[in-house]
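1. build me a structure from this.
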Amino acid sequence: MASHPADEPTPQHAIEHTTRLLTVEDDDISTDHVRPTHDMEEESGVDISVALTATARRLYVSHFLSTWNTRVFEFGAVLYLAAIFPGTLLPMSTYALCRGLSAVVLSPAVGRYIDSGERLHVVRTSIVVQRIAVTLSCALLWLMVIGVARQRWLKIAMVGVLSLTACVEKLCSIMNLVAVERDWVVVVARDSAPALRTLNSQMRRIDLLCKLVGPFAVSLIDGYSTETAILVNLGMNLLSLPLEYYAIRRVYRSTPALQLSEPRSIEANEVQSWSQSLMQVRKQLCVYFGHPAMRPSLAGALLYLTVLSFSGQMVTYLLAVGFTSIHVAIARTISVSFEISATWLAPWVMSCVGSVRSGIWFLSWQMLCLAAGVTAFSLTGDPAWAAIGLVIGTILSRVGLWGFDLSSQVIVQEEVQAEYRGSFSSIEASLQNGFELCSFAATMVFSQPEQFQWPVLLSCSAVYVAGVLYAWFVRDRRGHLVHFCERTDSKKRIWHTTHRRTGLLSDD
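-> Below is the predicted model:
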């Protein structure tokens, strides 16, 4: 890394250095996580903003292709199984349960692999293996759709293989997401807080757009022909592989910091017995729950215990109380537009008040909106109007949800050491999937539309528990939640100044 202590700093360098110092929030300073500044732009002679923009574009391309294929296949698989097995939810439920449980149980192992492997190799492995799993799944689904598997035992065997490939696909998706969003993004940002906020926001924007457009696109094709939808899914999966593979390689080559060797534990690279693996999981859990960033991370994971997200559970309820599919589509579109707006609002708020304080602001907004929506839902006698109140509260709360998500993500990215990013974020992913499974269990227990109030109450309670957990973190970090002391001191200064000017208070 270049260093020029004998040279006089250029005016531009001095301005940038001063700007970085002035934009640091006093509340977010932690001596345990102070990083040195990097002068990579002086080494290469290329302006850092230009290099960052070019690298960021390639990162966005890779992330878009990965997220698009994941969202399309995730939603499409449900449609394909529904067409293959009409009149029963058992195959689809088995498929989804196996996929979710694999994420809960095996995510820590994925984290260990991320922390012990070379960065480019880890991401490339996630891309290639995920594409292989999706290709096999699409091939099996296509064979089942065209009627090759007519015997009952053969269909059961194929569902078993599909569940296995779904587990592999899910784990590779987690591997790619954790490695890129929690590690690569931090390194590409080059210790620039504004760049990190911009990268995080754009990556989340891509996630949300794929979440909206991907399922909609595959639904349209499936409405025409399930067989065609499977083949299109397969084609997109295969055609995107070389482009995504190339884009992530260019990001790696254009960012020297990604190529630096990192401290790796010896145990991580060894073949381990079950007892050693359990000890490693225990160690990962101790690192996670003992880390200062645990509380914002756990608060974010708790928000996955919800039925208030326009997913299958809430959509099913809305259809049961009289909403049409068009009404649901409109509500879902409005909800996603609010979510996307949070990806612009959150970076601006963080630049003004810091990531710690913006987190409590956004989470408080989510709690307030859900409280209003759940109150209207509980007190309104007409089920249709009650559902409308719940929908409005849920839509408004999405700004707080994703604003808090981005704030907590910045905290984790900045505070978790590089050698623990994979294991820490994989434990977080495991908790997220575990809480999501709990939300499905809640609607399995309270399966009737008139019982939907109980899953709603559970979801709202989870948000408030997350609020308490994050408030505890903010109180420990900043010493207070609200600037009561500063406001009181300000009022005292104004009072003293006014009375001195009027002669009512002497300077003695």
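
2. where does the stretch 51-200 of the chain have low pLDDT?
-> 51-52, 89 (pLDDT under 70).

3. try 50 this time
-> In the predicted model of the stretch 51-200 of the chain, no residue satisfies pLDDT under 50.

4. same thing with the chain?
-> Applying pLDDT under 50 to the chain flags the ranges 1-47, 50, 263-269, 271, 485-497, 499-508.

5. could you chop it up by domain?
-> Following the TED database, the chain resolves into domains at 49-257, 287-482.

6. output these in TSV, with distance to Leu278 appended to each entry.
-> Yep, even glycine has a C-beta here, placed from its N, CA and C like the rest. Putting the domains of the chain into TSV (distance: least, C-beta to C-beta, whole Å) gives the following:
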stretch	distance to Leu278
domain 49-257	10
domain 287-482	14
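
7. look up how far Ile248 lies from Val307.
-> Distance of Val307 to Ile248, given as C-beta to C-beta, to the nearest Å: 35 Å.

8. ugh, typo on my part, it should be Ser341
-> 29 Å.

9. compare Val307 and Ile248 (neighbour count), which wins?
-> Using other C-beta atoms under 10 Å as the criterion, Val307 and Ile248 rank with Ile248 on top: 27 against 24.

10. show me what counts as buried in the helix or strand hosting the more buried one.
-> Element membership of Ile248, judged by DSSP states H and E, is helix 226-254. Within helix 226-254, the residues that qualify as buried are 226, 229-230, 232-234, 236-237, 240-241, 244-245, 247-248, 250-252, 254, counting by 16 or more other C-beta atoms under 10 Å.

11. check stretch 170-185 too.
-> Neighbour counts over stretch 170-185 (16+ other C-beta under 10 Å) mark 170-185 as buried.

12. give the contact list for the closest residue to Gly359 other than its chain neighbours.
-> Distances taken as C-beta to C-beta, 6 or more residues apart in numbering place Ser407 nearest to Gly359, at 3.7 Å, with adjacent residues excluded. Neighbour list for Ser407: Pro296, Ala346, Met350, Ser355, Val356, Ser358, Gly359, Phe362 [criterion: C-beta atoms under 8 Å, 6 or more residues apart in numbering].

13. what's in contact with the strand or helix carrying Leu298?
-> Using DSSP H and E, Leu298 sits within helix 294-302. Outside helix 294-302, the residues within contact range by C-beta under 8 Å, 6+ apart are 288, 359, 363, 404-405, 407-409, 411-412, 424, 428, 431-432, 435, 462-463, 465-467, 469-470, 472-473.

14. run the last query once more with 6 Å
-> With C-beta atoms under 6 Å, 6 or more residues apart in numbering as the contact definition, helix 294-302 has outside contacts at 288, 408, 411-412, 428, 431-432, 435, 462, 465-466, 469-470, 473.

15. in the helix or strand following that helix, what counts as buried?
-> As assigned by DSSP H and E, the chain's next helix or strand after helix 294-302 is helix 312-320. Using 16+ other C-beta under 10 Å as the test for burial, helix 312-320 gives Gln313, Met314, Val315, Tyr317, Leu318.

16. likewise for stretch 415-431?
-> By neighbour count on 16+ other C-beta under 10 Å, the buried set for stretch 415-431 is 415-416, 419-431.

17. grab the nearest non-local neighbour of Gly111.
-> Ser426 (2.7 Å).

18. backbone phi and psi for that neighbour, please?
-> The phi and psi values for Ser426, taken as degrees, to the nearest 10, are phi -70, psi -40.

19. thought it was touching Ser107?
-> Yes. Counting by C-beta atoms under 6 Å, Ser426 touches Ser107, with 4.4 Å between them.

20. on that earlier part again, filter the contacts of helix 294-302 to the buried ones?
-> When the contacts of helix 294-302 are checked for burial by 16+ other C-beta under 10 Å, the buried set is 288, 408, 411-412, 428, 431-432, 435, 462, 466, 469-470, 473.

21. what would those residues look like in a markdown table with secondary structure?
-> Shown next, in a markdown table, are the buried ones among the contacts of helix 294-302 (DSSP: H, G, I helix; E, B strand; the rest coil):
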| residue | secondary structure |
| --- | --- |
| Tyr288 | helix |
| Ser408 | helix |
| Ile411 | helix |
| Val412 | helix |
| Glu428 | helix |
| Leu431 | helix |
| Gln432 | helix |
| Phe435 | helix |
| Ala462 | helix |
| Ala466 | helix |
| Leu469 | helix |
| Tyr470 | helix |
| Phe473 | helix |
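
22. run through the residues that contact Cys438.
-> If you count contacts by C-beta under 6 Å, 6+ apart, Cys438 has them with Leu305.

23. and for Gln130?
-> Contacts for Gln130 (C-beta under 6 Å, 6+ apart) come out as Glu169, Cys172.

24. roughly how far does Val110 sit from Thr333?
-> 33 Å.

25. ok, the two, which is more surrounded?
-> Val110 (27 against 13).

26. next up, the contacts around the more buried one.
-> Leu171, Ile174, Met175, Ser426.

27. any chance of the residues you listed in JSON lines with distance to Gly389 and secondary structure as columns?
-> Formatted as JSON lines, those follow (distance: C-beta to C-beta, whole Å; DSSP: H, G, I helix; E, B strand; the rest coil):
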{"residue": "Leu171", "distance to Gly389": "39", "secondary structure": "helix"}
{"residue": "Ile174", "distance to Gly389": "36", "secondary structure": "helix"}
{"residue": "Met175", "distance to Gly389": "40", "secondary structure": "helix"}
{"residue": "Ser426", "distance to Gly389": "38", "secondary structure": "helix"}
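
28. let me have the residues you listed in JSON lines, extended by distance to Gln259.
-> Putting the contacts of Val110 into JSON lines (distance: C-beta to C-beta, whole Å) gives the following:
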{"residue": "Leu171", "distance to Gln259": "26"}
{"residue": "Ile174", "distance to Gln259": "24"}
{"residue": "Met175", "distance to Gln259": "19"}
{"residue": "Ser426", "distance to Gln259": "23"}
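
29. need the max-distance pair from these.
-> Leu171 and Ser426 (9.8 Å; C-beta to C-beta).

30. against which helices or strands is the helix holding Ile248 packed?
-> Counting contacts by 3 or more C-beta pairs under 6 Å, 6 or more residues apart in numbering; DSSP states H and E, helix 226-254 packs against helix 48-84, helix 119-145, helix 193-224.

31. dump these into JSON lines; add distance to Ser163 as well.
-> Output for those, formatted as JSON lines (distance: least, C-beta to C-beta, whole Å):
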{"stretch": "helix 48-84", "distance to Ser163": "10"}
{"stretch": "helix 119-145", "distance to Ser163": "10"}
{"stretch": "helix 193-224", "distance to Ser163": "20"}
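
32. for Gly359, give its distance to Phe473.
-> Taken as C-beta to C-beta, the span from Gly359 to Phe473 is 8 Å.

33. phi, psi for Thr255 please.
-> Dihedral angles (degrees, to the nearest 10) for Thr255: phi -120, psi 90.

34. what's the answer for the one 3 residues further on, then?
-> Geometry field for Leu258 lists phi and psi as phi -70, psi -20, criterion degrees, to the nearest 10.
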